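> Okay, structure incoming, though there's no sequence with it:
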């Protein structure tokens, strides 16, 4: 496929337009080649292949304003094929976002705004952090669901104030990853008509051609999901691309996929259609030959023709006009429906309403219950005051208690409901929650058993990386789930989640700590929160006798103390095992042994407290420390220090009533007392 030569001499207006189109497209290609070559690292081929698609999409279809990347009325664009981020960086620079040519030259360098995979919150115009393949597809489904939900709630006849499309670009790798199957199946079921996917069918992966591993009929697969499918046989055919995107936008009753046949590293004499062009620089000589083959006017790196830049930058005027038109409609909406407008603005700003936590339930010491059950009660009390809460479970709502009473079920045509049935799709649920969170206007909640957090670890990690305020509710948190056995009993999951930077893990000890856990989760908007709850009933701690539960906000607090606050041994635990350390505390106190019982529901909160507070809870002068948790012990060694001991689990569980399992595995009050005495000896 030899590219057409650039026209020379006199030309008709149509010919001049064609020449200008190619100049603009090749500007993207050469910037991608040069940036990767200078960095000696990156993925030039896909950016080169998709340059015509990007040109048509950003010039003729996508609604955006480079001067205001966060304008709510914009269309959303997610580059799920995050390795092709130079495509996006080039377009953002060329259209006039706050991204300079110098930023492009700093591709993949320390401290630059053009990292090796695009990151939300770092680069203006990047809607989602992508790279792990398939995640962006799931994010886009979440964004489209958020748009449909808010439109159903806030739009009124003659006032379609929420009305934008979500586009994503997916690669062969995205289509192979299971999360894309899960997410797109749900999107088709929900008939999210403003979701438009673009599949870059270049038939190349790192190891070779897709013939090695991939023979799916992608079009038929998506048609079976209920998607509309368009095909573009030549990714350089601007007219065909334009028509396919227009047809996709007209399909409002179901999502659309545009399958575009492209050629990786288009224009490269020796590396076009080769795996060598996927994840490595073309090489200086190949860059030179490719530019010559494209008829490029200069061999200097990062050359941007003035005519090309001027044409791309017309997006500024177009974007300003589009936003001005939307703001005019918004002003009319505010005048006609002031209460709705104020509520939408509050939700988009992430502000909590007055007295949002005024009616949270209380729990008496006689009201023993599973913390998952208490969580459901607290969630519904919050839901009455926080209409932005939306979510559900991966087919486990009755078990996780994440059900919005009277909230209705989200379904095709009923997008304004609050209960999202994700189906048995934990991985997609996590990615969709992230899309809901990054879109804004909603606060997403998703739930499953703690053991299945393994299925959704990639989106949990990305939520933490992106500081997204998603709330993950995990139940059946230990061997306490009993008879289902070791396949369902989480052992290492708590340690794994606590290892993720910027993820806040809260494991409440009882119903009163559950109240404080939800209060803290709602207020924590700088990152995701994992609430971890029991299946089995646990006692409600008598707060008249022991410390109040609001100490949870500090991460750890003294529940019960030795006389004069001078303990000889410190007992600490989280979740259901706090019952064990309290029981051991009472036994030791009766024996005249000075002990302190500490509840540590959130290690992340505790680690962020001033040293004085941490030392007050865990005095350095008391080396005898014992931590108890029915899980892998690793996170606790930081808190028990060199002379402490952790009673945890370094084996899998068993199938039996949970009380028997706790006894057999050495997690009883008697075991805690014995170990505490050994420490003191």
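In hand now; what should we look at? Just so we're clear, the structure is a prediction, and the values are computed from it rather than from any experiment.
> residues touching residue 146, list them.
Contacts for residue 146 were tallied using CB atoms under 8 Å, 6 or more residues apart in numbering; they are 435, 436, 439, 440, 441, 442. Any C-beta I mention is one placed from the backbone N, CA and C, and that applies to glycine too.
> okay, now residue 92: neighbour count?
Residue 92 sits with 25 neighbouring residues when counted by other CB atoms under 10 Å.
> for residue 656, same thing?
With neighbours defined by other CB under 10 Å, the count for residue 656 comes to 15.
> so it, which of the three states?
Taken by DSSP: H, G, I helix; E, B strand; the rest coil, the conformation at residue 656 corresponds to coil.
> Helix, strand or coil: sort out the residue nearest the centre of the chain for me.
Taking CA atoms, centre = their mean as the criterion, residue 434 is the residue nearest the geometric centre of the chain, at 3.2 Å. Following three-state DSSP, residue 434 is assigned to helix.
> how far away is residue 299 from residue 280?
Distance, residue 299 to residue 280, by CB to CB, to the nearest Å: 21 Å.
> More neighbours: which of those two?
The residue with more neighbours, out of residue 299 and residue 280, is residue 280; 17 against 11, by other CB under 10 Å.
> The nearest residue to residue 100 once chain neighbours are set aside - how many residues pack around it?
Take residue 100 and drop its neighbours on the chain: the residue closest to it by CB to CB, 6 or more residues apart in numbering is residue 93, 6.8 Å away. A count of nearby residues for residue 93, using other CB under 10 Å, gives 25.
> quick revisit: the residue nearest to the centre of the chain contacts residue 459, correct?
Yes - checked against CB atoms under 8 Å, the pair residue 434 and residue 459 is within contact range at 5.4 Å.
> who touches both of these two?
With CB under 8 Å, 6+ apart applied, the overlap between the contact sets of residue 434 and residue 459 consists of 135, 138.
> mean confidence score for stretch 423-432?
Stretch 423-432 carries an average pLDDT of 98.
> swap in stretch 281-297?
With pLDDT averaged residue by residue, stretch 281-297 scores 98.
> Then stretch 648-658?
For stretch 648-658, the per-residue pLDDT values average out at 98.
> Buried ones in that stretch, by neighbour count?
648, 649, 653, 654, 658 (16 or more other CB atoms under 10 Å).
> and which of those is nearest residue 382?
Distances from residue 382 to those, taken as CB to CB, are shortest for residue 658 (29.1 Å).
> low-scoring pLDDT stretches of the chain, where are they?
For the chain, residues meeting the criterion pLDDT under 70 lie at 1-17.
> Show me the longest helix that occurs in it.
Under DSSP state H, the helix in the chain containing the largest number of residues is helix 13-39.
> Tell me the gap between it and the middle of its chain.
Offset of helix 13-39 from its chain centre (CA atoms, centre = their mean, to the nearest Å): 33 Å.
> May I see the buried residues of that helix?
18-39.
> same question, stretch 342-352
Of the residues in stretch 342-352, 343, 344, 347, 348 count as buried by neighbour count, 16+ other CB under 10 Å.
> how much space between the nearest residue to residue 31 once chain neighbours are set aside and residue 269?
Spatial nearest neighbour of residue 31, chain neighbours left out: residue 90 (4.3 Å); criterion: CB to CB, 6+ apart. In this structure, residue 90 and residue 269 are separated by 22 Å, where distance is defined by CB to CB.
> neighbour-wise, which of the two wins?
More crowded of residue 90 and residue 269, by other CB under 10 Å: residue 90, with 27 against 13.
> the helices in the stretch 201-350 of the chain, which residues?
For the stretch 201-350 of the chain, applying DSSP state H, counting those that start in this stretch gives helices covering 218-225, 238-250, 284-293, 306-312, 314-336, 338-349.
> Tell me the first helix or strand C-terminal of the last one.
Sequence-wise, the next helix or strand downstream of helix 338-349 (DSSP states H and E) is strand 369-370.
> which helices and strands does the helix or strand that that following strand is followed by pack with?
Remark: after strand 369-370, the chain's next helix or strand is helix 371-383, criterion DSSP H and E. Packed against helix 371-383 by the contact rule (3 or more CB pairs under 8 Å, 6 or more residues apart in numbering; DSSP states H and E) you find strand 389-393, helix 397-400, strand 471-475, helix 511-523.
> please redo it, this time with the cut-off set to 6 Å
Counting contacts by 3 or more CB pairs under 6 Å, 6 or more residues apart in numbering; DSSP states H and E, helix 371-383 is packed against helix 511-523.
> which residues are contacting the helix it packs on?
By CB atoms under 6 Å, 6 or more residues apart in numbering, the list of residues contacting helix 511-523 from outside reads 357, 360, 363, 369, 371, 374-375, 378, 471, 506, 508, 529, 531, 540, 549-550, 552-553, 601.
> got it, and stretch 575-595?
480, 507, 509, 534, 538-539, 560, 562, 567-569, 571, 573, 597, 599, 628-630, 669, 672-673.
> buried subset of those?
For these, a neighbour count by 16+ other CB under 10 Å gives the buried set as 480, 507, 509, 534, 538-539, 560, 562, 567, 569, 571, 573, 597, 599, 628-630, 669, 672-673.
> Now, these that are in strands?
Here DSSP state E is the test, and the buried ones among the contacts of stretch 575-595 give 538, 560, 569, 571, 573, 597, 599, 628 as lying in strands.
> Including distance to residue 292, could those residues go into CSV?
Below are these laid out as CSV (distance: CB to CB, whole Å):
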residue, distance to residue 292
538, 73
560, 79
569, 78
571, 75
573, 70
597, 76
599, 70
628, 70
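> In those, find the pair that's most separated.
Maximum pairwise distance among those (CB to CB): 23.3 Å, between 538 and 569.
> about what we covered before: the residue nearest to the centre of the chain touches residue 461, doesn't it?
No - when contacts are counted by CB atoms under 6 Å, residue 434 is not listed as touching residue 461 (10.3 Å).
> Just give the closest residue to residue 655, not the sequence neighbours.
Here the nearest residue to residue 655 in space, its sequence neighbours aside, is residue 485; by CB to CB, 6+ apart that works out to 3.3 Å.
> how close does that neighbour get to residue 453?
Distance of residue 485 to residue 453, computed by CB to CB: 18 Å.
> do residue 154 as well
33 Å.
> now residue 660
26 Å.
> what's the helix or strand for residue 181?
For residue 181, the enclosing helix or strand under DSSP H and E is helix 178-190.
> Residue 391 and residue 490, how far apart?
Taking CB to CB as the measure, residue 391 falls 21 Å from residue 490.
> in stretch 102-116, what's buried?
By neighbour count on 16+ other CB under 10 Å, the buried set for stretch 102-116 is 103, 104, 105, 106, 107, 108, 112, 113, 114, 115, 116.
> Of those residues, just say which sits nearest to residue 122.
Out of those, the member with the shortest distance to residue 122 (by CB to CB) is residue 113, at 5.9 Å.
> And the closest residue to residue 542 other than its chain neighbours, how close does it get to residue 358?
Taking CB to CB, 6+ apart as the measure, residue 542 lies nearest to residue 365, with 4.2 Å between them; neighbours along the chain are not counted. Residue 365 sits at a distance of 23 Å from residue 358 (criterion: CB to CB).
> Please tell me how far residue 317 sits from residue 77.
Remark: distance between residue 317 and residue 77 (CB to CB) = 20 Å.
> Which residue of these two possesses the greater neighbour count?
Set residue 317 next to residue 77 and count neighbours by other CB under 10 Å: residue 77 wins out with 25 against 10.
> in a strand, that's where the more buried one is, yeah?
Yes - assessed with three-state DSSP, residue 77 lies in a strand.
> partners of it in the sheet?
Listed beta-bridge partners, residue 77: residue 167 (assigned using DSSP bridges).
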